[in-house]
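Asks: Quick check, what structure comes out for this input:
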Amino acid sequence: MFRMWGKIWKNNHMLQDTVISITDYNLSRTAMVFQALDNICYELDLSKPIWLDANISEFQRIAKTRFTKDSFIEQISFDFLEIQIIEE
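Replies: Numbering: from 1, shown residues only. The predicted model follows:
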């Protein structure tokens, strides 16, 4: 099972979080990551963030990244959205 944890942070406090499970193993790892991020954004009522080069390299290294205001087109009311793979 592929599981990703999404968390919204503001002032070093977690405001909301959700865990998304993907069970379709016909998808590639990249497709599972994008699907899980889409589901996290849907559940937390957020627009989809833009993957910047820093996000991509950090995610490839440690399977975790933070999307700050620079990654969102709309204005956000929190400091960052953090995603982390917790099970592959």
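Asks: which SSE is the spatially closest residue to Leu27 that is not a sequence neighbour in?
Replies: Nearest non-adjacent residue to Leu27, counting by C-beta to C-beta, 6 or more residues apart in numbering: Gln35, 6.7 Å away. In short, each C-beta sits where N, CA and C put it, glycine included. Using DSSP states H and E, Gln35 falls within helix 29-43.
Asks: ok, back up a step: contacting residues for the residue nearest to Leu27?
Replies: Listed by C-beta atoms under 8 Å, 6 or more residues apart in numbering, the contact set of Gln35 reads 22, 24, 27.
Asks: can we see that at 10 Å?
Replies: Going by C-beta atoms under 10 Å, 6 or more residues apart in numbering, Gln35 touches 2, 4, 20, 22, 24, 27.
Asks: Buried among those? Need that as a selection in PyMOL.
Replies: To isolate the buried members of the contacts of Gln35 in PyMOL, using 16 or more other C-beta atoms under 10 Å:
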select buried, resi 2+4+20+22
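Asks: quick one: strands adjacent to the helix or strand harbouring Thr18?
Replies: Assigned by DSSP H and E, Thr18 belongs to strand 13-22. Strand partners for strand 13-22, identified by DSSP bridges, are recorded as strand 2-10 (antiparallel).
Asks: can you state the direction angle for the partner strand and helix 29-43?
Replies: Per axes from the mean of the first three to the mean of the last three C-alpha atoms, to 10 degrees, the angle that strand 2-10 makes with helix 29-43 is 40 degrees.
Asks: pLDDT (mean, whole number) over strand 2-10?
Replies: Average pLDDT, strand 2-10: 96.
Asks: May I have it exported as PDB, CA atoms only?
Replies: Taking C-alpha atoms only, strand 2-10 is exported to PDB below (Å, rounded to 0.1, in the frame of the first residue of the first chain):
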ATOM      1  CA  PHE A   2       1.200   3.500  -0.900                       C
ATOM      2  CA  ARG A   3       0.400   6.100   1.800                       C
ATOM      3  CA  MET A   4       1.100   9.800   1.900                       C
ATOM      4  CA  TRP A   5       0.700  12.200   4.800                       C
ATOM      5  CA  GLY A   6      -0.300  15.800   4.000                       C
ATOM      6  CA  LYS A   7      -0.100  18.500   6.700                       C
ATOM      7  CA  ILE A   8      -0.900  22.200   6.800                       C
ATOM      8  CA  TRP A   9       1.400  24.300   9.100                       C
ATOM      9  CA  LYS A  10       1.100  27.800  10.500                       C
END
